[in-house]
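Peer 1: pasting the structure only:
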């Protein structure tokens, strides 16, 4: 059986990108030619499957980030049922636990060495709380506002999530928190604490 002859074509690409792909190829023990062809094959396959590669990679980044900060995947209704069970048994203690979890998570962002930890927290929170119909986080002139709306949230989960967000805001240096929390609706507004320097 004769092997099909493969023609090569030259194409233009940014030098910095080719340098990075060349370095990746070396680490994998393959050639630049092989690496570039793999990229093309995967791009063609994703197009055939109707998958947007950028969206796919963003979803992967979100899952990886969630796992790194301690989130686990679980069925939404089971999560709400567990929240309801612990909330009904000891409301004060479980609210404190969720508040502390918010401070702990914010502390992870603050100690990570990233340039704008609150911005990254905000981006990740928007991705992690995909079960909310609406999540809006605004930041301007030393104030931050958070609005979460989800008709699916039971009262217990709504109040627990609000406590979590309050803890995170406190760790990020926001105080004087005004809040309105009703089943399925959270509205928080906080001001940057003054620091005496």
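Peer 2: Thanks, I have it. These figures come from a predicted structure and were not determined experimentally.
Peer 1: Residue 7 versus the residue positioned nearest the centre of the chain, what's the distance?
Peer 2: Residue closest to the average C-alpha location in the chain (C-alpha atoms, centre = their mean): residue 124, at 2.4 Å. Using C-beta to C-beta, to the nearest Å, one obtains 46 Å as the distance from residue 124 to residue 7. For the C-beta atoms, the positions are set from N, CA and C on the backbone; glycine is no exception.
Peer 1: quick one, domains of the chain?
Peer 2: For the chain, automatic domain parsing gives the domain ranges 15-51, 74-192.
Peer 1: Now mean pLDDT and distance to residue 58 too, for the ones you listed, in CSV please.
Peer 2: Shown next, in CSV, are those (pLDDT from 0 to 100; distance: least, C-beta to C-beta, whole Å):
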stretch, mean pLDDT, distance to residue 58
domain 15-51, 87, 12
domain 74-192, 89, 8
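Peer 1: Compare these and give me the one nearest residue 62.
Peer 2: domain 74-192 (4.2 Å; C-beta to C-beta).
Peer 1: gap between the closest one and the chain center?
Peer 2: 13 Å (C-alpha atoms, centre = their mean, to the nearest Å).
Peer 1: Use 828 as the first number from now on
Peer 2: Fine by me, first position is 828 from now on; the one you just mentioned is domain 901-1019.
Peer 1: which strands and helices sit next to the lengthiest helix in the chain?
Peer 2: In the chain, with assignment by DSSP state H, the single longest helix is helix 918-937. Here helix 918-937 touches helix 903-916, helix 944-955, helix 982-998, going by 3 or more C-beta pairs under 8 Å, 6 or more residues apart in numbering; DSSP states H and E.
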